[in-house]
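Enquirer: the sequence and its predicted three-dimensional model are supplied below.
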Amino acid sequence: MLPGLYGLIGRPLKHSFSKFFFDNLIQHEGLASVCRYELFELPDASAIAPFLQTPHLRGFNVTSPYKRDILPYLSTLCGCASELGAVNCVCICGEGPVGYNTDAPAFEEDIKSYLTGVRCNRALICGTGGAASAAAYALRKLGFEILFASRTAGDSRVSYQSITPQQMKSFAVIVQATPLGMHPRMGECVPLPYDAIEPATVCYDMIYNPSETEFLKRCQRQGAVVSNGYGMLIRQALLSQEIWSGNLL
C-alpha cells in the first residue's frame with residue numbers, strides 16, 4: 001500500500017471486520033508510520049462528495065448501501081465494475097477516483113472449492129443489489145443459470161413467496177446476498193421453503209458476521225454444504241491491497 005489514508009464507507013459499519021484486517025496488514029507490512037485505515041459511516045449518499053475531499057485519502061472500500069451510489073463520483077471503472085454497475089474498491093489516482101469490483105473475483109475464487117460434483121448448473125440468488133450482481137457474474141462465468149429472488153417480483157426476478165418446494169429442489173447453489181441475518185437483524189432470513197433443500201446443495205451466505213446466520217442454520221439442517229462470506233472477505237481485501245499498491249487488476 002502506498003502511504004496515505006485508507007478506509008471503508010457504508011452504513012452501518014459496527015459489524016465490519018475491515019479495520020481489524022487492514023490494521024493488522026499495515027502493521028505486518030511495517031507501514032504503520034505512513035498508512036492508516038479508518039471506518040467512515042456515511043449518513044447518506046450525499047456525504048460521498050465531501051468524503052472524497054478528505055486529506056491524504058488514497059483509497060477506500062465501499063459496502064452497502066453505497067456500491068452503486070458511488071458510481072457518479074468516479075472518473076473511471078476498471079475490470080468487471082462497469083459491467084456489474086457496482087464498485088466496492090476505489091483508488092485515488094492522478095486522473096481521479098477509479099472504481100473496481102473485487103467482490104466478483106473474490107466470490108468466484110472462494111465458491112469454486114465447493115462446486116466439485118454439484119448435480120446441476122442452476123443457482124438461486126437472493127437479493128438484487130451489488131453483492132447479488134457480483135455473485136451472478138461469477139456464477140455465470142462458472143457455467144451456471146441464474147434465478148434472482150427478492151421481496152417483490154420484477155422483470156428479472158421472482159418473489160420469495162413464489163418459489164415452490166419443487167423449484168427449490170432444482171437448485172444446486174443458493175446464495176444469500178441480502179443484509180438479512182446481519183446485526184441487528186441476526187434472527188431473520190429470507191423466506192424460502194428451506195425444508196425442500198436437497199442434501200449437498202451449496203448454500204453460501206455473503207454475510208460473515210455473525211459467522212452462522214439463520215439462513216445457514218436452516219440450510220445446514222437439510223444437509224446442505226454451507227459457507228459464510230469470510231473467505232470472500234479476505235480475498236477481496238487482499239485484492240484491494242494489490243490495487244492500492246499499484247498492482248492493478
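Expert: That came through fine.

Enquirer: farthest from the middle of the chain: give me that residue.
Expert: Ser33 (30.1 Å; C-alpha atoms, centre = their mean).

Enquirer: what are the boundaries of the helices in this protein?
Expert: If you assign secondary structure with DSSP state H, the helices in the chain sit at 18-28, 48-51, 81-84, 103-111, 130-141, 165-168, 214-221, 230-244.

Enquirer: tabulate those (CSV), appending distance to Pro3, mean neighbour count and mean pLDDT.
Expert: The way it works is simple: take the backbone N, C-alpha and C, and place the C-beta from them, glycine included. Below are the helices of the chain laid out as CSV (distance: least, C-beta to C-beta, whole Å; neighbours: other C-beta atoms under 10 Å; pLDDT from 0 to 100):
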stretch, distance to Pro3, mean neighbour count, mean pLDDT
helix 18-28, 11, 15, 95
helix 48-51, 20, 13, 98
helix 81-84, 25, 19, 94
helix 103-111, 25, 23, 96
helix 130-141, 29, 23, 94
helix 165-168, 51, 14, 97
helix 214-221, 40, 18, 98
helix 230-244, 11, 20, 95
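
Enquirer: could I get these in TSV, plus columns for distance to Arg119?
Expert: Rendered in TSV, the data for those read as follows (distance: least, C-beta to C-beta, whole Å):
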stretch	distance to Arg119
helix 18-28	35
helix 48-51	44
helix 81-84	28
helix 103-111	16
helix 130-141	15
helix 165-168	14
helix 214-221	16
helix 230-244	23
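
Enquirer: quick one: closest of those helices to Ser64.
Expert: Taking C-beta to C-beta as the measure, those were each checked against Ser64, and helix 130-141 came out nearest at 7.4 Å.

Enquirer: tilt between that closest one and helix 230-244?
Expert: With axes from the mean of the first three to the mean of the last three C-alpha atoms, to 10 degrees as the criterion, the two stretches helix 130-141 and helix 230-244 enclose an angle of 90 degrees.

Enquirer: with only the CA atoms kept, save helix 130-141 in PDB.
Expert: Below are the C-alpha coordinates for helix 130-141, written out as PDB (Å, rounded to 0.1, in the frame of the first residue of the first chain):
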ATOM      1  CA  GLY A 130     -24.400  -5.100  -5.800                       C
ATOM      2  CA  ALA A 131     -23.400  -8.200  -3.900                       C
ATOM      3  CA  ALA A 132     -26.000 -10.200  -5.800                       C
ATOM      4  CA  SER A 133     -24.800  -8.900  -9.100                       C
ATOM      5  CA  ALA A 134     -21.200  -9.900  -8.200                       C
ATOM      6  CA  ALA A 135     -22.300 -13.400  -7.300                       C
ATOM      7  CA  ALA A 136     -24.300 -13.800 -10.600                       C
ATOM      8  CA  TYR A 137     -21.400 -12.500 -12.600                       C
ATOM      9  CA  ALA A 138     -19.100 -15.100 -11.100                       C
ATOM     10  CA  LEU A 139     -21.500 -18.000 -11.300                       C
ATOM     11  CA  ARG A 140     -22.300 -17.300 -14.900                       C
ATOM     12  CA  LYS A 141     -18.500 -17.400 -15.600                       C
END
